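*Asks:* structure for the following, please:
(6 chains)
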Number of protein chains: 4
Amino acid sequence: MAASKKRGRPAGSDDRREDILEGALRCFVDRGFHGTAIPQIAQRAGVAAGTIYHYFPSKEALVNALYRKWKSDVAQRVFMAFPQGASAREQFRVLWNEMVAFAAAHPDAFAFIELHNHSSYLDAESAAIDRNLKDFAAAMVMRAQEEGLLKPMSPVLLMELVFGAFNGMMRASWEKRIELAPEMVAAAEQACWDTVAHHGRP
Amino acid sequence: MAASKKRGRPAGSDDRREDILEGALRCFVDRGFHGTAIPQIAQRAGVAAGTIYHYFPSKEALVNALYRKWKSDVAQRVFMAFPQGASAREQFRVLWNEMVAFAAAHPDAFAFIELHNHSSYLDAESAAIDRNLKDFAAAMVMRAQEEGLLKPMSPVLLMELVFGAFNGMMRASWEKRIELAPEMVAAAEQACWDTVAHHGRP
Amino acid sequence: MAASKKRGRPAGSDDRREDILEGALRCFVDRGFHGTAIPQIAQRAGVAAGTIYHYFPSKEALVNALYRKWKSDVAQRVFMAFPQGASAREQFRVLWNEMVAFAAAHPDAFAFIELHNHSSYLDAESAAIDRNLKDFAAAMVMRAQEEGLLKPMSPVLLMELVFGAFNGMMRASWEKRIELAPEMVAAAEQACWDTVAHHGRP
Amino acid sequence: MAASKKRGRPAGSDDRREDILEGALRCFVDRGFHGTAIPQIAQRAGVAAGTIYHYFPSKEALVNALYRKWKSDVAQRVFMAFPQGASAREQFRVLWNEMVAFAAAHPDAFAFIELHNHSSYLDAESAAIDRNLKDFAAAMVMRAQEEGLLKPMSPVLLMELVFGAFNGMMRASWEKRIELAPEMVAAAEQACWDTVAHHGRP
DNA sequence: AATGAATGAGGCTTCATTCAT
DNA sequence: GATGAATGAAGCCTCATTCAT
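*Replies:* The predicted structure follows:
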């Protein structure tokens, strides 16, 4: 049956925890961690300030939960979408498009995990998720390098160049300096493949 | 009415204003604008908290002065180094190396101007400096596109891809995930040229 | 009720807002607006400093609220007590006694509204209340002048002389230079009537 | 010889101490003691902040010096002008006019000594000057009472009524609610004589 | 003597967190 | 569970005062 909600919640979503994470996301993206006050988050979430402390023990725990939620989401998408047996070129394209799809669907979340990367208030577990994703990407790069498809240079550097370029594109879109049309995304994808591809031979 | 210990300048540099800007730079890079307290800046600068207000009317004025100082410095370097008559390939290499030189010489300043781009506490004048630099780069891209040397796609996007890749490289270096050796920088430069270059493949 | 230490209301009155206004009144009378620190008010009110900001957005808003509260109270008393159909002599006596009753019942409040008249931190709305009262008194004077009962001179000046004399009396009492007995109040009232009355001497 | 001034003082008055007292007077009248900062006084006086401390050991000492200067000036005028052998009516008129002359010549000073009467930062010596003046006036009242010329009531109260009325007139003038023309001053003087005069008999 | 940069305590205000309801 | 008033430490900023020049 569809009626799974409890009595008396007046309006809005049914899950306070999600409301709070949603409100916190918008606040943190707009004003940063230290620039955001708990009452501001509460207001955006439509709850009382005290309620936040029923779901999260502290502001730091909240930002970490938020970070983990979205970074895990990205990681899961990447792992699920990754076409194991396909060519390196195809793998690159699939991951690129997956990331674009994520950033388009959740622009705030994308901005958040980029801006808050490696901040002092993120704890070890949050950092580990990021590490996992980076390791996965680096491994992928190394495999393709062994096949001679990618430039024979530092795999970490290659990965960072591509991921940096991707971030640059998304930030420009976020800041309305460009409008992301599908053909632009495709062109950017090809350009970034050129960044890493080993073109030296015919 | 306390002891008469402190009134002469204790030690260190001769220019308090520079000391303060230096201390603020390190604090802002470490903990962000809202995460940095004025007394922390004062301590790093070796001055009393009140002294900061002899040189800057507010914390916001201080970040803006800091941002303008370094962003202007970058802009000036770029404009001065730009080889007017050289080939697009050479222009690209020169600017890349100039940026690397700047980021290596002033890693904190580079991190600062990247992290604080487009923050709400930056004023219009600060934003204008950034705009100038971006316009200059976009104009350069367009000229090279007209010669058929660069990919025929959005010049802003091309520029953002390269600048994003550069930032990715510098951030990885800053976070010690890679060690920037000269040959790596050169390889990255070539890779990023490949990002934008029109290789005339069928 | 539980006797836990901090979070419940410790003791005293049931209305924090009134407690704060009361504490602020005493502090402002003792030391003036700029001479009073918010923590001093908080201590007198028996609340934490931060609590004041749940009820008033700023120190200025607090003085203005306080001023309006008491000046309105005086105005209301005067308007309510005013004997519409009575003789000018009787009207004068009634208002005089009403003011004395107020000043005796709320000496701090009387001192406050006198000392803080026309201060730069009072806003337009606060000033308007004062204006109303003065206009009312001036109109009363003018009516009596038309009947030939009061001296034919500037009505504002007449009013100011009487109100000044009244203030002088109250200030002397406040500063313990005189003790206000009923017969002294009555004598002063008669003297001030003599100030304004037109005795038709040749 | 006329050239009594020392070398090199660029412009303005020759006596820094007077400049400072003058600047302090205007500041204290405008914003009160606690609302006035030493640098503000310095700016109005055309000197550096530190210079003030060559002439006065502290802000409190400055306000006391200022108070004493002007209150003594008033007292001296009153004592000098007092017509020993004249009638009570004449004595009253002379003192009234003397006070008006003072307040007209030095409106800031008059406002200052009124507003700062009995403030906590005034020391014993400052208070004594005020006491002297009040005692003199009370003695005068008592003498006239003994002749049956004044109302047979508390002499202090009589004095306070008149002085309060005078203050009311001056404050209204200061606040531009009335314009003090000579005939108004004379009318007010007569009204205040009526306040105190014993009219009971023909 | 005069200056004004420097100091640091203290003022106003904000905000993470708690807890009685 | 949910609330929001209350708390008090801490943040930004001001200012009386000092002292090298």
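
*Asks:* how about the residue nearest the centre of chain A, what does it touch?
*Replies:* Geometric centre of chain A, nearest residue: residue A:110, 4.2 Å, by Cα atoms, centre = their mean. Contacts for residue A:110 (Cβ atoms under 8 Å, 6 or more residues apart in numbering or on different chains) come out as A:102-103, A:170. For every residue, glycine as well, the C-beta is placed using N, CA and C.

*Asks:* quick one: secondary structure of it?
*Replies:* Each residue gets one of three states, and residue A:110 gets helix by DSSP: H, G, I helix; E, B strand; the rest coil.

*Asks:* how much space between it and residue C:43?
*Replies:* 50 Å (Cβ to Cβ, to the nearest Å).

*Asks:* same deal with residue A:72?
*Replies:* 50 Å.

*Asks:* next one: residue A:136
*Replies:* Distance of residue A:136 to residue C:43, given as Cβ to Cβ: 60 Å.

*Asks:* and the contacts of residue A:110 as TSV, adding pLDDT and distance to residue D:197?
*Replies:* Shown next, in TSV, are the contacts of residue A:110 (pLDDT from 0 to 100; distance: Cβ to Cβ, whole Å):
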residue	pLDDT	distance to residue D:197
A:102	97	94
A:103	97	92
A:170	97	91
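
*Asks:* please list all residues in contact with the residue nearest to residue A:94 when sequence neighbours are not counted.
*Replies:* Take residue A:94 and drop its neighbours on the chain: the residue closest to it by Cβ to Cβ, 6 or more residues apart in numbering or on different chains is residue A:83, 5.3 Å away. Residues counted as contacts of residue A:83 (Cβ under 8 Å, 6+ apart) are A:90-91, A:94.

*Asks:* would you list these in a markdown table and tack on secondary structure and distance to DNA strand F?
*Replies:* Output for these, formatted as a markdown table (DSSP: H, G, I helix; E, B strand; the rest coil; distance: Cβ to the nearest atom of the strand, whole Å):
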| residue | secondary structure | distance to DNA strand F |
| --- | --- | --- |
| A:90 | helix | 47 |
| A:91 | helix | 44 |
| A:94 | helix | 40 |
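
*Asks:* quick one: which of those residues is most hemmed in?
*Replies:* residue A:91 (18 neighbours; other Cβ atoms under 10 Å in any protein chain shown).

*Asks:* now the helices for chain A?
*Replies:* Using DSSP state H, the helices of chain A run over A:16-31, A:38-45, A:49-55, A:59-81, A:88-105, A:107-115, A:124-146, A:155-174, A:182-196.

*Asks:* out of these, which gets nearest to residue C:79?
*Replies:* helix A:38-45 (41.7 Å; Cβ to Cβ).

*Asks:* so is the closest one next to chain C?
*Replies:* No: Helix A:38-45 stays clear of chain C (Cβ under 8 Å from any Cβ of the partner chain), getting no nearer than 11.7 Å.

*Asks:* show me what that helix is packed up against.
*Replies:* Where contact means 3 or more Cβ pairs under 8 Å, 6 or more residues apart in numbering or on different chains; DSSP states H and E, helix A:38-45 is packed against helix A:16-31, helix A:49-55.

*Asks:* most tightly surrounded among these?
*Replies:* Highest mean neighbour count of the helices and strands packed on helix A:38-45: helix A:16-31, a mean of 19 (counted as mean count of other Cβ atoms under 10 Å in any protein chain shown).

*Asks:* got the contact list for that one?
*Replies:* A:12-13, A:36, A:40-47, A:51-52, A:54-56, A:62-63, A:65-66, A:69-70, A:108-109, A:111-112, A:115-116, B:34, B:120.

*Asks:* leaving aside the residues next to it on the chain, what's closest to the residue of chain A found nearest chain C?
*Replies:* Nearest residue of chain A to chain C: residue A:39, at 11.7 Å (Cβ to the nearest Cβ). Take residue A:39 and drop its neighbours on the chain: the residue closest to it by Cβ to Cβ, 6+ apart is residue A:49, 4.8 Å away.

*Asks:* just want the phi and psi numbers for the closest residue in space to residue A:119 that isn't next to it in sequence.
*Replies:* Spatial nearest neighbour of residue A:119, excluding adjacent residues (Cβ to Cβ, 6+ apart): residue A:33 at 6.7 Å. Here is the backbone geometry of residue A:33 (degrees, to the nearest 10): phi -70, psi -50.

*Asks:* so which bits of chain A are right by DNA strand E?
*Replies:* Along chain A, the residues adjacent to DNA strand E under the rule Cβ under 7 Å from any atom of the strand are A:36-39, A:49-50, A:53, A:58-60.

*Asks:* now do 10 Å
*Replies:* Selection of chain A residues close to DNA strand E by Cβ under 10 Å from any atom of the strand yields A:27, A:31, A:33-42, A:48-54, A:56-63.

*Asks:* for DNA strand F, what is the nearest residue in chain A?
*Replies:* Nearest residue of chain A to DNA strand F: residue A:50, at 1.6 Å (Cβ to the nearest atom of the strand).

*Asks:* what about that residue, distance to residue B:105?
*Replies:* For residue A:50, the distance to residue B:105 - Cβ to Cβ - is 50 Å.

*Asks:* contacting residues for residue A:153?
*Replies:* B:184, B:187-188, B:191 are the contacts of residue A:153 under Cβ under 8 Å, 6+ apart.

*Asks:* quick check, nearest of these to DNA strand E?
*Replies:* Nearest to DNA strand E, judged by Cβ to the nearest atom of the strand, of the contacts of residue A:153 is residue B:188 at 39.5 Å.

*Asks:* and that closest one, what pLDDT?
*Replies:* You'll see residue B:188 listed with a pLDDT of 98.

*Asks:* and if you look at the one 10 residues further on?
*Replies:* With respect to pLDDT, residue B:198 scores 94.

*Asks:* that older thread, switch the helices and strands packed on helix A:38-45 over to a markdown table; also include mean pLDDT.
*Replies:* As requested, the helices and strands packed on helix A:38-45 are exported to a markdown table (pLDDT from 0 to 100):
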| stretch | mean pLDDT |
| --- | --- |
| helix A:16-31 | 96 |
| helix A:49-55 | 97 |
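
*Asks:* could you dump those helices to CSV with distance to residue D:78?
*Replies:* Shown next, in CSV, are those (distance: least, Cβ to Cβ, whole Å):
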stretch, distance to residue D:78
helix A:16-31, 64
helix A:49-55, 64
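
*Asks:* so which of those helices comes closest to residue B:195?
*Replies:* Of those, nearest to residue B:195 by Cβ to Cβ is helix A:16-31, at 27.9 Å.

*Asks:* quick check, the closest one touching DNA strand F?
*Replies:* Yes: Helix A:16-31 is in contact with DNA strand F by Cβ under 10 Å from any atom of the strand, via A:16-17, A:19-20.

*Asks:* among the residues you listed, which pair sits farthest apart?
*Replies:* Top of the distance list for the residues of helix A:16-31 next to DNA strand F (Cβ to Cβ): A:17 and A:19, 7.2 Å.

*Asks:* how does chain A divide up, domain by domain?
*Replies:* If you go by automatic domain parsing, the domain ranges for chain A are A:1-56, A:67-196.

*Asks:* would JSON lines of these with distance to residue C:165 be doable?
*Replies:* Below are these laid out as JSON lines (distance: least, Cβ to Cβ, whole Å):
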{"stretch": "domain A:1-56", "distance to residue C:165": "52"}
{"stretch": "domain A:67-196", "distance to residue C:165": "66"}
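
*Asks:* check these for me and report the most buried one.
*Replies:* By mean count of other Cβ under 10 Å, the domains of chain A have domain A:67-196 as the most buried, with a mean of 18.

*Asks:* that one spans what distance, first to last residue?
*Replies:* By Cα to Cα, to the nearest Å, the extent of domain A:67-196 from end to end equals 29 Å.

*Asks:* thanks again, I'm all set now.
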